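Peer 1: Got a predicted structure here, sequence first:
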There are 2 protein chains.
Amino acid sequence: MFDPVEKLKEFIRHPSVSADPAFKAGMQGAQTFVSDLLTSIGFAVEVVKTDLHPIILATRGTNPAWPHVIIYGHYDVQPADPLNLWKSPAFEPEIRGNRLYGRGSADNKGPLMTHIAAVARLLERRPDLPLRITFMIEGEEEMGSPSFPNFLERYSDQLKKADFVYLSDTGIPAPDQIVITCGLRGLVLCDVVVTGPKSDLHSGLHGGVLRNPIQAVAELCASLHTPDGLVNIPGFYADVAGVEPWEREQIQKLGNDPEKYREFLGIPAFHTPPGYTPFEATRVLPTLEFNGIGGGYQGEGTKTVIPSKAFVKISCRLVANQNPAKIRDLLYASIRERMPADVTYEIIDQHEGTPYVVVPPDRSNTPQNQSPVLAKAFRAADQAIGEVFGKSPLYLREGGSVPIIADIKRVTGLDSVMMGLFLPEDNLHAPNESFNLTVMEKGMRASEKILESIAGPE
Amino acid sequence: MFDPVEKLKEFIRHPSVSADPAFKAGMQGAQTFVSDLLTSIGFAVEVVKTDLHPIILATRGTNPAWPHVIIYGHYDVQPADPLNLWKSPAFEPEIRGNRLYGRGSADNKGPLMTHIAAVARLLERRPDLPLRITFMIEGEEEMGSPSFPNFLERYSDQLKKADFVYLSDTGIPAPDQIVITCGLRGLVLCDVVVTGPKSDLHSGLHGGVLRNPIQAVAELCASLHTPDGLVNIPGFYADVAGVEPWEREQIQKLGNDPEKYREFLGIPAFHTPPGYTPFEATRVLPTLEFNGIGGGYQGEGTKTVIPSKAFVKISCRLVANQNPAKIRDLLYASIRERMPADVTYEIIDQHEGTPYVVVPPDRSNTPQNQSPVLAKAFRAADQAIGEVFGKSPLYLREGGSVPIIADIKRVTGLDSVMMGLFLPEDNLHAPNESFNLTVMEKGMRASEKILESIAGPE
């Protein structure tokens, strides 16, 4: 049995930034690393080519009578910039306290390693375990999984035969409070690029006769929210699903302190739509955010220029029942309607993802036809997590997005059991990302129990 | 006598970007180049140290009975980015057609070389010319001349004894239509840096509970103009000077075609405050522009982040009678009033400059006590320009800013004769800056005549 923490450090050392072509070697390195590791613990590994980054499909167990779990993860990571804000280099893993620092440590290399290690330990103890396990590990999650839907279609006959998908790519509020994620927000992303004059202009010679593209971008952005923080696009909230009473209970059980959350964020005050607590707003409400803005001179000192172009990167998070295509249409219609005629502009589609909901067994709204193996997995998780972490898990919708979970449901019919493992202070998508090694160790034990329960006793 | 074009190319090859510390060697090179050139044509050169980039002070002629002209210029240039938009490298001068391309070719190295060459030619022909000439050439104009006011104070006793300042750092509408600039806009510049969360956040996990700093910056920017293009700051226009009838006449004589100007700018439509033509607006109205904006992810693809910080770089151009300190106070008061309490922010002062006006002789509003040598210089310029360019010059206020012209007036009492030499298509402060070599050649002849007229005949 390998040392999981050492293996995780090795994994992080491959700088696998999928969105940036400059990191091609890091992507290749991470893919080979995972493939070799799974081969070493007895899996038959297939590296499935896609238009961009390959998907690793690795299986053990062939008896069709056995239950079949697909474990999902991704070997790619977010860009690491701004690099100067990292205390230790992003791709040189470093342990400080009980945390392992490095880009991808929590999203998703650490949680993925947790499950690989749990499987390795379980199979070492029970080499004949009556459980079919398929690892399905992609390399494009951080860019919206563009190749994944096509892969699902190509492999749907094979994947459909599994019982459910199991993964850890969602969050928990505290090291001893695991959350089973029962919903993920969808996504619609686009860039808006505004062009004013055909080339940068001297702001003295020409200032006062034309609309600066920065002004046009700012006016568009300012129009997209109401003063109380709602998204100002007609129809945006029309399809938003209501909240079940058991969901409100679970959110309340979280017991989070808004003041502590505010301090964690480091903001003077919340700006949450009226009628929602911060902990409700991120789970049950859609959003529109600006992920990046740029234009003109960005260097030191001053440059009195009217830039030719300015841009903003927009993302909407969608909740249950909202349709990405419809929201994209509404967003684009508002942009087109509001953009003044004295500039030109281009809207560039980025990826999108459908929101997802799964209801655990024994709830008011559990579907009648829920798969018995899925229900067994939920119950096994509840039991194992209670034993290892000392507290039952909570069942919550999450603010984040893993768009492929909805794609898997659409193409294969499979639901997902999502055991959260990363903490708010893990700094996902931000400098100084880290993973809590205590959570990792307990996560391995819980995962081992869950998988063994699904297989059944010796 | 040196070859002026070859010397200009040599000058441009020194990348003298004053605002960027990375270009220290280029600044030193340009300074030494100018000092050596002036020494070679008989000037006594003093390199005056300042806190940042030295000022070159070079004199010839000591007879206090002679008229005394100070020729101003600057050896520093704007940053050259975005470098990828240059057809030939910014600091490798290249002649295409009758234009010399390179950063600084028109602002201000070409016009400055025009006067140095005119002086060289004149002194070669009349070594005993009864004219005192002082070149006063600074290296911080493109960063707002921070050391210049202090230099003026230190050297005021010496500079006060001159009769007027002569320079070319303003524009003309066509190669045969010289403009004597009679006014310059002032400047107030600042950066606004907004901080939301203390570090970048995952927009899924935390989106919906806080104000994104990009949104705060956008809302501020959007608030600073009215829909019809006026600056939306109470009191901003209160002190703006009216326009004399002879000024309106001169602007009309420009005879510019708005449609051609629109095409030159490459915009679908003007966005000029109502009641002003584009050619009036840039000369007699103040502005507020955004010179740069930034925040969040600016790279390829997407990164679903809520950034910790966003910024905007703001500049106001001021016209006659407006006071920079007062406008700065009004601007800052509006920013403070409009910035929401759920973010923090910092306003960073950049430089400022007072607007300037000089009235030529024989006008309705010419001051009674105008200096006879200044009046003689204006008349000499009118005559020489008419002869060499085939058209009398126009007398116009300009949209650009040379803040030190107002400083010179305040400290030494000297007015300036500003003979424009650069064209709209010279792309000042933008990629592919160039200087028209026909204008340069005629400019040298005109300048030689002007200086000789002031000295008087042989």
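Peer 2: Great, that's in hand. The structure presented is a predicted model; accordingly, all values stated were derived computationally and were not measured.
Peer 1: The residue of the stretch 351-458 of chain A found nearest chain B: what's it in contact with?
Peer 2: Across the stretch 351-458 of chain A, the shortest distance to chain B (Cβ to the nearest Cβ) belongs to A:G400, at 3.4 Å. (C-beta placed from N, C-alpha, C; glycine too.) Contact analysis of A:G400 by Cβ atoms under 8 Å, 6 or more residues apart in numbering or on different chains lists A:T170, A:G171, A:L184, A:R185, B:H202, B:G204, B:L205.
Peer 1: Give the helix, strand or coil label for it.
Peer 2: coil (DSSP: H, G, I helix; E, B strand; the rest coil).
Peer 1: any idea how far it is from A:Y356?
Peer 2: Applying Cβ to Cβ, to the nearest Å, the value for A:G400 to A:Y356 is 11 Å.
Peer 1: just A:D191 next, same as before
Peer 2: Where A:Y356 is concerned, A:D191 sits at a distance of 25 Å (Cβ to Cβ).
Peer 1: When the two are compared, which one has more neighbours?
Peer 2: A count of neighbours by other Cβ atoms under 10 Å in any protein chain shown puts A:Y356 above the other of A:D191 and A:Y356, at 27 against 17.
Peer 1: Run through the bridge partners of that one.
Peer 2: Here A:Y356 shows beta-bridge partners A:L184, assigned using DSSP bridges.
Peer 1: And the pLDDT for it?
Peer 2: On the pLDDT scale, A:Y356 is placed at 93.
Peer 1: Can you name the residue of the stretch 251-400 of chain A nearest to chain B?
Peer 2: Closest point on the stretch 251-400 of chain A to chain B, by Cβ to the nearest Cβ, is A:G266, at 2.7 Å.
Peer 1: How many neighbouring residues does that residue have?
Peer 2: Around A:G266 there are 15 residues (other Cβ under 10 Å).
Peer 1: Leaving out the residues flanking it, which one is nearest to it?
Peer 2: Using Cβ to Cβ, 6 or more residues apart in numbering or on different chains and skipping the chain neighbours, the partner closest in space to A:G266 is B:K198 (2.7 Å).
Peer 1: Just give me the neighbour total for that neighbour.
Peer 2: Quick note: B:K198 (other Cβ under 10 Å) scores 14 neighbours.
Peer 1: Show me which residues of the stretch 1-150 of chain A are close to chain B?
Peer 2: Taking Cβ under 8 Å from any Cβ of the partner chain as the contact definition, the stretch 1-150 of chain A meets chain B at A:A19, A:D20, A:P21, A:Q78, A:P79, A:D81, A:L85, A:M143, A:G144.
Peer 1: and the third one, how far is that from A:P79?
Peer 2: Read that as A:P21. 12 Å.
Peer 1: Who has more neighbours out of these two?
Peer 2: Set A:P21 next to A:P79 and count neighbours by other Cβ under 10 Å: A:P79 wins out with 24 against 11.
Peer 1: ok now do the residue lying farthest from the centre of chain A, which residues does it touch?
Peer 2: The outermost residue of chain A relative to its centre, with distances by Cα atoms, centre = their mean, is A:L205 at 47.7 Å. Contact analysis of A:L205 by Cβ under 8 Å, 6+ apart lists B:G171, B:T282, B:E398, B:G399, B:G400, B:P424, B:L428.
Peer 1: Quick check on these: which are buried?
Peer 2: Neighbour-count burial (16 or more other Cβ atoms under 10 Å in any protein chain shown) applied to these gives B:G171, B:T282, B:E398, B:G399, B:G400, B:P424, B:L428.
Peer 1: Export those residues as a markdown table, with columns for pLDDT.
Peer 2: Formatted as a markdown table, these follow (pLDDT from 0 to 100):
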| residue | pLDDT |
| --- | --- |
| B:G171 | 88 |
| B:T282 | 89 |
| B:E398 | 87 |
| B:G399 | 88 |
| B:G400 | 84 |
| B:P424 | 87 |
| B:L428 | 92 |
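Peer 1: Quick check: of those residues, which lies closest to A:A44?
Peer 2: Closest to A:A44 out of the buried ones among the contacts of A:L205 is B:L428 (66.1 Å), distances taken as Cβ to Cβ.
Peer 1: Where does that closest one sit: helix, strand or coil?
Peer 2: Here B:L428 is coil, with the state taken from three-state DSSP.
Peer 1: Now for it: which residues touch it?
Peer 2: B:L428 is in contact with A:H202, A:L205, B:Q78, B:A106, B:D107, B:G171, B:F422, counting by Cβ under 8 Å, 6+ apart.
Peer 1: where's the third one relative to B:P324, distance?
Peer 2: Yep, that's B:Q78 we're talking about. To B:P324, B:Q78 is 21 Å away according to Cβ to Cβ.
Peer 1: higher neighbour count, these two?
Peer 2: B:Q78 (26 against 20).
Peer 1: Pretty sure that one sits against B:R103.
Peer 2: Yes. Between B:Q78 and B:R103 there is a contact under Cβ atoms under 8 Å: 6.8 Å.
Peer 1: Now the common contact residues for these two.
Peer 2: In contact with both B:Q78 and B:R103: B:V17, using Cβ under 8 Å, 6+ apart.
Peer 1: can you give me the strands for the stretch 151-300 of chain A?
Peer 2: A:164-167, A:179-184, A:186-195, A:201-202, A:287-296 (DSSP state E, counting those that start in this stretch).
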